[in-house]
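Visitor: Below is the sequence, then the predicted model.
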Amino acid sequence: MTISGKTTSFMADLRLALYQPDIPGNTGTILRLAACLGFAVDIIEPAGFDISDRNLKRAGMDYISAAALTRHVNWDRFEEWRRNSGRRLVLASTKSSDRYTGFAFRANDVLLFGRESAGVPDHVHTAADARILVPMVEGQRSINVAVSAAMIVGEAMRQTVWG
């Protein structure tokens, strides 16, 4: 990988998790981002589409095969894995008042993003160790999940990997 003219080979310990994603194109875009920046992605099933969906493949192009992807059969299995691995769960939420730009990320955080159609249920929101927000103009509902993920993971990697 080349960053600022320097070639580097890294796989960040940072992970991005998608809670029951609805839109294959967004998931494909996030997998492409992960392959390019070197972080892993966890999909918490059930997804709202078949993981082999052609729209996911179209959005991810040929990058999907280079992405480190782990599928978790459900929330409970994901949570068991996360707790056993000692990772902090950071939820991107429109219900938070803490801006992502003021948050101190850790190198092994799991950044969690909810369903495009419904976010995450209360028990998932409660399980998060921290909740962060991408600030928006008043009256707007939400930013596309792939765009939000890129903004937040970029800041997290700036703090922990690219420093």
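Guide: Looks like it arrived, so ask away. Residues are numbered from 1 along each chain as shown.

Visitor: And the helices in the chain?
Guide: Ranges of helices in the chain, per DSSP state H, are 24-37, 54-60, 75-85, 122-127, 145-157.

Visitor: what about this protein, any weak spots by pLDDT?
Guide: 1-10, 53, 55, 59-60 (pLDDT under 70).

Visitor: can you do 50?
Guide: Low-confidence segments of the chain (pLDDT under 50): 1-8.

Visitor: so T27 sits right up against P21, yeah?
Guide: Yes - counting by C-beta atoms under 8 Å, P21 is a contact partner of T27 at 4.8 Å. C-beta: built from backbone N, CA, C; applies to glycine.

Visitor: any shared contact partners between the two?
Guide: Common neighbours of T27 and P21, using C-beta atoms under 8 Å, 6 or more residues apart in numbering, are I43, A47, F49.

Visitor: that older thread, let me know which of the helices of the chain is tucked in deepest.
Guide: helix 24-37 (a mean of 22; mean count of other C-beta atoms under 10 Å).
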